[in-house]
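# 3D, please:
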Amino acid sequence: MSATAPHVLTRTEGRLGHLTLNRPERINALSPEMIGLASDALAAWQDDPEVDVVLIDGAGPRGLCAGGDIREVYNGMHGHGVAPGRFWAREYEMNALIAHYRKPVVAFMDGLVLGGGVGISAHAGIRVVTERSQVAMPETAIGLSPDVGALYLLARAPGGLGVHCTLTGARLDGPAAIHAGLADHLVDSADLPGLALSLRSGVVPELPAPAPGTHPGWMDTAYVADTVEGILDNLRRDRDPAAGQAADVIAAMSPTALKVALEAVRRARNMTVDEVLGQDLRVCSHFLSHPDFAEGIRAQVIDKDRNPQWSPKELGAVDRAAVLAFFEPVAAV
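Residues are numbered from 1 along each chain as shown. Got it, this is the predicted structure:
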């Protein structure tokens, strides 16, 4: 595809509305412009009598979408480009549109599907993963809580798996993503072009039923603790080396983001998807004024030294009042 091609390709193919994220050099990271183009196309197809099915996929070999364009968010925080609050509000509106879509939406979750990539795909009615899929919400590594309504899904994952994914940002392969409730069907990546072609009829063909999934038992015993500190204690006491590895991963994340994320995923258990998206906007908007978010982006994306200096550095320094403040209303964005 040419360098001047739009970053979102939209076309009708028979009875199919086909939306392709087309920024492969950035693994289709979502910019404000892309969110606007995708939202407009989805809204138009929902009311188009000539479109019966919608397909969302990504260009290039690396994945559907690596998430929101964090560089653009960082620039917006410093007065350049679209303000992050407006970026998120528009993105979450798109997530809600997909979640409530009145026609079948098929999402090809092939390759990397991270952050905002989960938001544009995992709320679809028919979610297809492959042997190449790696699905994750890695926000705690940049000093943020998982957003895009993903906690609505992770809060309903079996046992402790959802909390594990929320805190660690663990990447799930295709079968694990299905087990977690983030996807529905496992299809060989080589079969995706044929499936896309068949969708032009306006009918979704029967797809293979997933095999029953499992997750390690230590997740269920470790993540029942009420606090992040308690979870870490449980993980470190467990004899399974994987539990200790999870503890090490969590301990490297932003203490504030960890405590806010744990509160958020537990609140999400009793929320609708729209309520979770509203919570996401409040929480993320508060993070704009917290030093860990800018520091996390600096360390992971800008300078890439992978050595964030969190403030505060210790979990014990993040008290309950500080956590609850992230859930308070914010000014309109």
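# contacts for the strand or helix carrying residue 242?
According to DSSP states H and E, residue 242 maps onto helix 241-251. If you take Cβ atoms under 8 Å, 6 or more residues apart in numbering as the criterion, helix 241-251 is touched by 164, 167-170, 216, 218, 222, 228, 231-232, 234-236, 238, 258. For the C-beta atoms, the positions are set from N, CA and C on the backbone; glycine is no exception.
# following it, which helix or strand shows up next?
helix 255-268.
# Using CSV, write down the CA coordinates of that following helix.
Written as CSV, here are the backbone C-alpha positions of helix 255-268 (Å, rounded to 0.1, in the frame of the first residue of the first chain):
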residue,chain,number,x,y,z
PRO,A,255,2.5,1.3,42.5
THR,A,256,-0.3,3.9,42.0
ALA,A,257,-1.4,2.3,38.7
LEU,A,258,-1.5,-1.1,40.3
LYS,A,259,-3.7,-0.1,43.2
VAL,A,260,-6.0,1.9,40.9
ALA,A,261,-6.2,-0.9,38.4
LEU,A,262,-7.1,-3.5,41.1
GLU,A,263,-9.9,-1.2,42.4
ALA,A,264,-11.1,-0.6,38.9
VAL,A,265,-11.3,-4.2,37.8
ARG,A,266,-13.2,-5.2,41.0
ARG,A,267,-15.7,-2.4,40.5
ALA,A,268,-16.1,-3.5,36.9
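# so how far is that helix from its chain's centroid?
15 Å (Cα atoms, centre = their mean, to the nearest Å).
# list the buried ones in that helix?
255-265, 267-268 (16 or more other Cβ atoms under 10 Å).
# Tell me how many other residues surround residue 175.
Residue 175 has 18 neighbours, counted by other Cβ atoms under 10 Å.
# Return the distance of it relative to residue 165.
According to Cβ to Cβ, to the nearest Å, residue 175 and residue 165 sit 14 Å apart.
# again, but for residue 319
Counting by Cβ to Cβ, the gap from residue 319 to residue 165 is 26 Å.
# what about these two, which has more around it?
Between residue 319 and residue 165, counting by other Cβ under 10 Å, residue 165 is the more crowded of the two (29 against 10).
# Let's verify that one: helix, strand, or coil?
Of the three states, residue 165 takes helix under DSSP: H, G, I helix; E, B strand; the rest coil.
# per-residue pLDDT, the closest residue to it other than its chain neighbours?
In this structure, residue 165 finds its nearest non-sequential neighbour in residue 154, 5.5 Å apart by Cβ to Cβ, 6 or more residues apart in numbering. For residue 154, the pLDDT comes out at 99.
# Residue 154: what's it in contact with?
So residue 154 contacts 137, 146, 161, 162, 163, 165, 166, 180, 181, 182, 265, 268 (Cβ under 8 Å, 6+ apart).
# next one: phi and psi at the nearest residue to the second one once chain neighbours are set aside?
Think residue 146. Leaving aside its sequence neighbours, residue 146 sits nearest to residue 137 (Cβ to Cβ, 6+ apart; 3.9 Å). As for residue 137, its main-chain torsions (degrees, to the nearest 10) stand at phi -120, psi 90.
# for residue 137, what are its contacts?
Taking Cβ under 8 Å, 6+ apart, one finds 114, 115, 118, 146, 150, 154, 165, 166, 169 in contact with residue 137.
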